[in-house]
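Participant: This is the structure alone, sequence omitted:
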């Protein structure tokens, strides 16, 4: 069973898993398997500033991908955010650098994702633990470009 999982993951990387690459989808891959999230992309200052504020609910396998023009220190807060979130911070190549689980709705405490972050995937609170996502796992999306660990063609 474990060998089949490894073969499936390697096949996905070798073929760049084009079926998984779409502007409205982020694929997360690790030794636990693969999961696809339907996403809205926030890739300009106004969209990133709005984020998921005032959103009353989000479907289970949905989220928001924050895309920055370059790697930087990424900080977030939950101001006006009504749903609990897990935040997955990734570098330019799609590798997960840090994770913040169970961010509390409406909390204005700063959440520091660290330096070198170019992408942040926000998903419903509890999804990281449920799936087993961890630092070092890989995000895949067309925004990551040709230098990504799992590029889209």
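Facilitator: Arrived safely. If you're wondering where the values come from, they're calculated on a predicted model, not measured in any experiment.

Participant: show me what contacts the residue most central in space within the chain?
Facilitator: Closest to where the C-alpha atoms of the chain average out (CA atoms, centre = their mean) is residue 121, at 2.7 Å. With contact set as CB atoms under 8 Å, 6 or more residues apart in numbering, residue 121 has these partners: 26, 28, 37, 39, 63-66, 87-88, 90, 139. For the C-beta atoms, the positions are set from N, CA and C on the backbone; glycine is no exception.

Participant: Over to residue 40?
Facilitator: 24, 63-65.

Participant: from memory residue 105 sits against residue 80, does it?
Facilitator: No: using CB atoms under 8 Å, residue 105 is not in contact with residue 80; the gap is 9.3 Å.

Participant: tally of neighbours for residue 93?
Facilitator: Counted with other CB atoms under 10 Å, the neighbours of residue 93 add up to 17.

Participant: what does the one 3 residues further on give?
Facilitator: One way to gauge burial is a neighbour count; for residue 96, by other CB under 10 Å, it gives 22.

Participant: so which helix or strand takes in residue 101?
Facilitator: strand 96-103 (DSSP states H and E).

Participant: and that strand, how far out from the chain's middle?
Facilitator: Centroid displacement of strand 96-103 relative to its chain, using CA atoms, centre = their mean, to the nearest Å, is 9 Å.

Participant: Among the contacts of residue 40, which ones are in strands?
Facilitator: 63-65 (DSSP state E).

Participant: Would you map the strands across the chain?
Facilitator: Counting by DSSP E, the strands of the chain are 25-30, 33-42, 62-76, 85-90, 96-103, 111-124, 138-140.

Participant: What pLDDT does the model give the residue nearest to the centre of the chain?
Facilitator: For residue 121, the model assigns a pLDDT of 98.

Participant: Give the bridge partners for residue 117, please.
Facilitator: residue 72 (DSSP bridges).
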